[in-house]
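K.L.:
All I have is the shape, not the residue letters:
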Ligand SMILES: C[S@@+](CC[C@H](N)C(=O)[O-])C[C@H]1O[C@@H](n2cnc3c(N)ncnc32)[C@H](O)[C@@H]1O
Ligand code: SF4
């Protein structure tokens, strides 16, 4: 394995939202309306970013993902200052993908034009639903009319954009999901992410489980409906929740799922970097935004770091690559980890015995049965 052959991405985390949604366990915090931490936060991001220059080993960045939280709250001039610091410290591939996450409740035409002009070339918008009643149940700050207006502005500004939609929502029926799918398709996006609602520990939904979460059989029918409808509409179902129009697969997420490297900056952000000697380093930053900013400005925002040992590498590799419907080539394991095929042959045999992977093994890919029992398959490599 040669570390400099491994593609490198950058993840940037913005930890604030207008309001905290009751189902969300991301590192995001409600921001009082009279506060705008853009300037001091970008100072911290730049200081943090500079500590990763050496780790990049002169590799160019293939993608940048500015996620959150709600990064569409960042002042465009501050984001411009940050992206200029990125270009000053790293080289970028000529067709680099730069994504910004946005919430339809925070969309402003001028801001969107400004984001585009400073180099953001992909937008990912958290629509969640086109149904006002469901949006209310999810505690969202926007209604469906605002969602459509935000989508129109996104369409006028970005030629590459994704919508996040959730399903298996409280009291949602199959015909309501059919409506969501038709609305999403009508928006003519290049990418759709359809996430099944999960009740994450330490969220309001986990403490007070909403009434009417669909049962397992209905959820299975919903998953099939999402996949068949979007495939018929010309989307490639390339990852568990990811659907792309031809050539519009998310390069940033693909790099995660192909076990590529990523540096990171921002509160709670994680990085995974292959060092010159082939060891894999994982770093986690301070989670609490104020504590993160203080540590970053003082010179190190890293709260924890560790080298991933060989056994963990097998699980981490499979956890990612098996999310891809077409899997990855067998060679990738020796190109991205310290392992060779023989190190995991027993686990592969077990997966084949259960029918979760095909025999003979041509790629690391789930069989049709393995795709339906993905966490069981991934668990074989623990
Ligand atoms: C980090 S959020 C960023 C998007 C943006 N902040 C927003 O919500 O408008 C990324 C996406 O994760 C999905 N998500 C968050 N919590 C979820 C949960 N508990 N179950 C399923 N999907 C979830 C939502 O679709 C959301 O748009
Ligand atoms: S707006 Fe997005 S990141 Fe913020 S709390 Fe809601 S789902 Fe989470």
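P.N.:
Sure thing, it's come through. Since this is a predicted model, take the numbers as computed values, not measurements. Ligands and ions are numbered 1, 2, ... in the order given.
K.L.:
The longest strand seen in the chain and ligand 1 in contact?
P.N.:
Using DSSP state E to define each element, the chain has its longest strand at strand 92-102. Yes: applying Cβ under 6 Å from any ligand atom, one finds strand 92-102 touching ligand 1 at residue 101. In this view, the C-beta of every residue, glycine as well, is placed from N, C-alpha and C.
K.L.:
Quick check: what element follows that strand along the chain?
P.N.:
Downstream of strand 92-102, the next assigned helix or strand under DSSP states H and E is helix 109-117.
K.L.:
pLDDT (mean, whole number) over that next one?
P.N.:
Mean pLDDT, helix 109-117: 93.
K.L.:
Ok, stretch 199-219 next?
P.N.:
For stretch 199-219, the per-residue pLDDT values average out at 95.
K.L.:
Please apply the same query to stretch 140-154.
P.N.:
94.
K.L.:
Please identify the buried residues of it?
P.N.:
In terms of neighbour count (16 or more other Cβ atoms under 10 Å), stretch 140-154 has its buried residues at 140, 142, 144, 146, 147, 150, 151, 153, 154.
K.L.:
Let me see the ranges of the helices in the stretch 51-200 of the chain.
P.N.:
53-56, 76-89, 109-117, 132-137, 144-157, 174-186 (DSSP state H, counting those that start in this stretch).
K.L.:
helices or strands up against the fifth one?
P.N.:
Using 3 or more Cβ pairs under 8 Å, 6 or more residues apart in numbering; DSSP states H and E as the contact criterion, the neighbours of helix 144-157 among helices and strands are helix 109-117, strand 122-128, helix 132-137, strand 161-167.
K.L.:
So in the protein, which helix runs the longest?
P.N.:
Criterion DSSP state H: the longest helix present in the chain is helix 216-232.
K.L.:
which element follows that helix toward the C-terminus?
P.N.:
Heading C-terminal from helix 216-232 (DSSP H and E), you reach strand 236-239.
K.L.:
follow-up on the earlier one: which of the helices of the stretch 51-200 of the chain sits closest to ligand 2?
P.N.:
helix 132-137 (11.6 Å; Cβ to the nearest ligand atom).
K.L.:
name the helices or strands packed onto the closest one?
P.N.:
Packed on helix 132-137, when contacts are counted by 3+ Cβ pairs under 8 Å, 6+ apart, are helix 144-157.
K.L.:
hang on, the earlier thing: so which of the helices of the stretch 51-200 of the chain gets nearest residue 32?
P.N.:
If you check each of the helices of the stretch 51-200 of the chain against residue 32 by Cβ to Cβ, helix 76-89 wins as the nearest, at 18.1 Å.
K.L.:
Could I get the buried residue list for the closest one?
P.N.:
76, 78, 79, 80, 81, 82, 83, 85, 86.
K.L.:
CSV for those, including pLDDT and distance to ligand 1?
P.N.:
CSV is the format used below for these (pLDDT from 0 to 100; distance: Cβ to the nearest ligand atom, whole Å):
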residue, pLDDT, distance to ligand 1
76, 96, 18
78, 98, 18
79, 98, 16
80, 98, 21
81, 98, 22
82, 98, 18
83, 98, 20
85, 98, 23
86, 98, 21
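K.L.:
out of the helices and strands packed on helix 144-157, nearest to residue 284?
P.N.:
strand 122-128 (23.1 Å).
K.L.:
So which residues make contact with that closest one?
P.N.:
Identification of contacts with strand 122-128 by Cβ atoms under 8 Å, 6 or more residues apart in numbering yields 97-104, 112, 115, 134-135, 138, 140, 147, 150-151, 154, 157-158, 160-166, 184, 191, 193, 250.
K.L.:
what do you get for stretch 102-113?
P.N.:
Contacts for stretch 102-113 (Cβ under 8 Å, 6+ apart): 17-18, 70-73, 76, 123-127, 140-142, 146-147, 149-151, 153-154, 157-158.
K.L.:
For it, buried residues please.
P.N.:
With burial defined by 16+ other Cβ under 10 Å, the residues of stretch 102-113 counted as buried are 102, 103, 104, 105, 106, 107, 111, 112.
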